[in-house]
Structure formats: structure tokens, C-alpha cells
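[1] Give me coordinates for this.
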Amino acid sequence: MMKEILISAVGFEAQAAIVEQEKLIHFFSESLSEKSSVGNIYLGTVVRVLPGMQAAFVEIGLERTAFLHVRDIVTHIPNPSIESLVHQGKQLLVQIIKDPIGTKGARLTTEIILPATHLVYRPYEKNNGISQKIETMQERERLQSLVAQLPLKGLIARTAAEDQSLETLKRDSDYLEKCWTYIQQETCTITSQYKLIYEELILPYRLLRDFAKYPIKKIVIDEKETFDKVNRFLKEFLPHLTCEVELDTTNPIFERYNILEQFKDSLKKEVALKSGGSVIIEQTESMVTIDVNTSKFVGKKNHEETILKTNTEAARLIAHQIQLRGLGGIIVIDFIDMTLAEDRLQIYHVLKEALKNDIMPTHILPMSELGLIQMTRKRTTESFSQKYFKRCSSCSGEGQVLEPSIVAFDIMYTLMQTLSKRSYRKFVLISSPSVIQFFENKKSYFQQRFNHLELECQLTIDHHMAHNKFEIIPLKDSNKNSY
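    Modelled structure (predicted):
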């Protein structure tokens, strides 16, 4: 199905949504000051070697030292020990493969991987490869022949390389060669203990690169500078994408598809099924558990029909929620018990099919007789609940509280909707000190939003802090100095 990409780049945080028939499929956000570090390449220094764990801690300049396991070190020595490969004070070129999560530092590898739109480059590898998701033998052989003609070795043709020409692949290869030459030059000139050598693309470009393999109908952007940059990026690196790119600075683009409400639903513990059942999703530090309930749905014919229908609907919803919420690691799904082996096999195949186009690698085991499906999904960043919830200070961590940024955005969208429909004398926001402080800290961003409102609603808006409250006053007559 055709997808639409919505990119909101106004203010201090870049946000993007992938929409399919007005349904939110993926949601991404990236603070301009706290963006993901996955893919970044550093020159780091080993500060501690742990023989018992066969790992080392490496200083790369982040808040916590990063973690490097012996399995993630490129070497031709069979079954090496960590002591034979690194020592305290040794400098290493490393790449982040997993962001810091919870109390854990970033996870590192010395196997450098550089992605482009259609190719991935592994500088230390000598053999080329083809994505396993390209299944037709004829296309695999065609791509193998094309990649063999490129000067670089260690290339992998991504799924997006399917049906692409030699000229297109060579453009990617040239880009990757320039990146690797730059990295090597930077590494040779460094005298400090650590330094960031190469930084992954920012969210809008990374998103376009990674979703280029899907049919895209339209890209909508709400900020002029980002709109211009995206057009240049598409022209240079993704010329085959002929979708419409639209600039809309007049209305919040997420309102078109009710993105905020869909996003808020993805933070709920319980998700309702259309049949009347429900799915309960709980996340801990080590795993995710998902439970399926029939709830009010009792079926029209028999008990087995009810269970099969509920589990089928739940499998599709669970696949959607796993991707939308960014869940990863070990995931255990407790479906409603089914007595027939063919029914259990059917649900297993429904789940696999629903996750077929997942952007993250997954491994799914068949359903057990107890109705459990165990699966793993690659996790590189925090999930929604880890990112947007913080522990409640009033209940010793038993409850969770939404981050002030999410509450503030919810307030702003509500305000925009309300002001565009009718006139009010004053809005007074009374909230927790953290939300009030958030408005104060990000006043420049919200000032831009108020400017849009003034133009759209033909109002003059005054706003200020008063007695730890945030007041928003629409002034109908811009010539008046009081209200």
C-alpha cells in the first residue's frame, strides 16, 4: 500500500510519522540536542577490561562509558579472549549499535558498517552480499553481477536495490567510499583520548533513506528550510522517488491524520480489539509480555471460533503495536489457548506475515501448546514507554508519568483546535511545575506556534508566566494594550 511521510521540523524536536490510509504505522521523534547515537563512529579509548565478562568499557565521550563485548570485535583469531585483543589505554575505532538504555551504556562494535540508500558498506569485509529479503534468484544473480563491477569490496545490496541500475549503485558506492576515506583521514589526525568521527544522518534524511524501498505517495513538511533540504537530498540520493513533496506551514500537519491521538493510544497499556477483546502490553527492563483477552466477545457459533477470530485479530494488532511502539528484545505473547494444532499454526503464520515488512529483524518461534509465542526483535533505541514515560516520584516507581514535552504538545494542539473554531477571552494553564517550566524553557518554539495562530485566526496573542501559571490571552483588537 502507498504510504505518506509527515515531517514536523519546527522547534527543538524533529518528529515524523509514516501513515498508511490515515493509520499511523510508525512514529519517530528526535530531540535536536538528544538525538539517537546509533550508527555514530568514534575513536575511543579502553578504560577497563573485564576478563570475567569477556568485555571492555570504552570512553567515547558520552555520559556513561560504552560497552564492547569480545564477540563484537573484528578479528581473525578463532575463539579469542578479550585480554588478547585489547588493553587499558588502547584506542579503537568503534561504532554504536545500541543507544544507552536505562542504566546501561551504549553498546559498541569494531565492525564498521556504513549505510547508503541501496548499499551497505563493511570496510573490513572482502566479500559482497545480497539482502535475504530479495527472494527471486534471477534478481539476486543480477545484483551480484552489478555489485561485482563496483570498485569497493564488502558491499551488501539492500532491499531497496531491487530493480536498480548499475549507475544508481555506483553513485551509492562512490558516496560510501568518500565517507570511509574521510573517516580514515580523521582517525589519523586525532591526538585526544576520544572523538566523534562520523555522525549518522538526522531523522528526516535517515527516514527517507530507510523507507525508500516502500511505495511513497506523498511527503508533507511543515518547515521551509527542511523542505528545501529534503528536496535536495531526494534529488541527489533518491532520484527514483518521484512522489510529491508538499510544504504546509499554515496548519499542524499531524492534525490532518489525528496523529497525536493515535500516538497517545500507543502509550496505553490496554488496546481494544474491534471484536470486543483486548490486548494488554507490559514492558519490563528485560522483556515485553503481551496478553490477549476475549473480553466481551463470545462468538456466534462456538467457543473455538471465538478464540480463533480473537487471536487472528490480535496477531495483526500486536504486529502493528510492536512496530509502532518500537518494542524490542525478548517478546512473549500469551494468546488465548487453542486446542487444535492447525489453529495454532495459523496464528503463527498470521503474525509472521504481519511482521514481514518490519524495518527491524525479527525471529519468531512457533506457538506452544500453552498458546505462547516467543520472539525476538532487534532493539537499537528506547521504546515509546521508556522514552516518553518517567517513573512517578509519589509511588516509588509503581506508576508512570508522561514526559512534560508530550503534555505540552498535547496542550498546544488542543489550543490550536479550540482557537480555530471559536473565540475565548483567556486560557490559563495550571499544571505541574515541570510542564510550566517546559513552556518557559522552550518559549522560542512556542512563540513560533503562536505566530502561526495569530495569522490563521486573525488574533493577537499575549502569553506570560504569572504565579507559576501559564496564561494565553487572545486579543481580538491588536491595537489595544490591555484586556
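[2] so Lys133 is in which element?
    Here Lys133 is covered by no helix or strand, with elements defined by DSSP states H and E.
[3] Wait, it touches Thr159, no?
    Yes. Lys133 is within contact range of Thr159, at 4.6 Å (criterion: CB atoms under 8 Å). Every residue, glycine included, has its C-beta placed from N, CA and C.
[4] ok, the two, which is more surrounded?
    Thr159 (15 against 12; other CB atoms under 10 Å).
[5] Report how many residues lie close to the residue nearest to Thr310 when sequence neighbours are not counted.
    Nearest residue to Thr310, sequence neighbours excluded (CB to CB, 6 or more residues apart in numbering): Gly277, at 4.5 Å. Neighbour count of Gly277, defined by other CB under 10 Å: 23.
[6] Check Glu162 too.
    For Glu162, using other CB under 10 Å, the count is 19.
[7] Mind pulling the model confidence for it?
    Looking at Glu162, its pLDDT is 84.
[8] Go ahead and confirm it touches Ile130.
    No. Taking contacts as CB under 8 Å, Glu162 lies outside contact range of Ile130: 9.7 Å.
[9] Now do the shared contacts for the two.
    Taking CB atoms under 8 Å, 6 or more residues apart in numbering as the contact rule, Glu162 and Ile130 both touch Leu143.
[10] For the stretch 51-200 of the chain, just list every one of the helices.
    82-85, 137-148, 166-188 (DSSP state H, counting those that start in this stretch).
[11] What are the contacting residues of the first one?
    For helix 82-85, the surrounding residues in contact (CB under 8 Å, 6+ apart) are Val49, Leu50, Pro51, Gln54, Ala55, Ala56, Val70, Ile73, Thr75, Ile77.
[12] And for the longest one?
    Helix 166-188 is contacted from outside by 41, 43, 93, 112, 114, 116-119, 121, 123, 146-147, 149-152, 155, 157, 161, 195, 197-198, 237, 239-240, using CB under 8 Å, 6+ apart.
[13] Give the buried subset of these as a PyMOL selection command.
    In PyMOL, this line selects whichever of the contacts of helix 166-188 come out buried by 16 or more other CB atoms under 10 Å:
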select buried, resi 41+43+93+112+114+116+117+118+119+121+123+146+147+150+152+155+157+161+195+197+198+237
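[14] before we move on, the earlier item: roughly how far apart are the residue nearest to Thr310 and Val288?
    Gly277 sits 19 Å away from Val288, going by CB to CB, to the nearest Å.
[15] Low-confidence stretches in the protein?
    Within the chain, the stretches with pLDDT under 70 are 10-12, 31-35, 213, 251, 295-301, 380-400, 416-417, 419-427, 443-450, 452-483.
[16] In space, not sequence, find me the middle residue of it.
    Phe28 (4.7 Å; CA atoms, centre = their mean).
[17] hang on, the residue nearest to Thr310 packs against Leu308?
    No. Taking contacts as CB under 8 Å, Gly277 lies outside contact range of Leu308: 11.9 Å.
[18] which residues in the stretch 1-150 of the chain form strands?
    Taking DSSP state E, counting those that start in this stretch as the test, the strands found in the stretch 1-150 of the chain are 3-8, 13-20, 23-31, 41-50, 55-59, 66-69, 91-98, 107-109, 114-115, 119-121, 129-130.
[19] Tell me which of those strands sits nearest to Leu317.
    strand 23-31 (11.5 Å; CB to CB).
[20] That closest one to strand 13-20, inter-axis angle?
    Orientation check (axes from the mean of the first three to the mean of the last three CA atoms, to 10 degrees): strand 23-31 against strand 13-20 gives 170 degrees.
[21] so what strands line up beside strand 23-31?
    strand 13-20 (antiparallel) (DSSP bridges).
[22] got the CA positions of the strand it pairs with in CSV?
    Written as CSV, here are the backbone C-alpha positions of strand 13-20 (Å, rounded to 0.1, in the frame of the first residue of the first chain):
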residue,chain,number,x,y,z
GLU,A,13,12.4,18.4,18.2
ALA,A,14,12.1,16.7,14.8
GLN,A,15,9.1,14.4,14.5
ALA,A,16,8.0,12.1,11.7
ALA,A,17,5.1,9.8,11.1
ILE,A,18,4.6,7.1,8.5
VAL,A,19,0.9,6.9,7.6
GLU,A,20,-1.0,4.3,5.6
